[in-house]
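Q: sequence and predicted structure are below.
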Amino acid sequence: MSEAIPIASDHAGVEMKDRLVSELKKMGYAPVDLGSKDPNQPDDYPDYAHPVAKEVSTGEAKRGILLCGSGVGMDIVANRYPGVRAALAW
């Protein structure tokens, strides 16, 4: 069974998230897309950061991927969860 990796983005990261989901599948992982779906519909990054960070914090997932316009907001939200260490990567 392949490792499930939760992945989410706000509207600013939808296109990159969709590309990463495709690549993760090719690599044998099982990405779990937790949103957002529409790059043209503004939304709030915490709505997507919390579910991914919670899965990692509770041990449901070993790792997760978060994308947003700057990456900073997602880091701040995720790092509030016990056992989660989020870092900005370019």
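A: Yep, it's here.
Q: start and end of stretch 72-88, how far apart?
A: 7 Å (C-alpha to C-alpha, to the nearest Å).
Q: which residues are in contact with it?
A: 10, 45-46, 48-50, 52-54, 56-57, 59, 64, 66-68, 71 (C-beta atoms under 8 Å, 6 or more residues apart in numbering). The C-beta positions use only the backbone N, C-alpha and C, and glycine is treated the same way.
Q: tell me which residues of that stretch come out buried.
A: By neighbour count with 16 or more other C-beta atoms under 10 Å, stretch 72-88 contains the buried residues 73-75, 77-78, 81, 84, 86.
Q: so for it, mean pLDDT?
A: Here stretch 72-88 scores 95 as its mean pLDDT.
Q: quick one: mean pLDDT over the longest strand seen in the chain.
A: Determined from DSSP state E, the single longest strand within the chain is strand 4-9. The pLDDT scores in strand 4-9 average 97.
Q: list of residues touching it?
A: Contacts for strand 4-9 (C-beta under 8 Å, 6+ apart): 16-17, 20-21, 24, 29-36, 48-49, 51-52, 55-56, 61-68.
Q: quick one: buried ones out of the contacts of stretch 72-88?
A: Applying 16+ other C-beta under 10 Å to these flags 10, 45, 48-50, 52-54, 56-57, 64, 66-68, 71 as buried.
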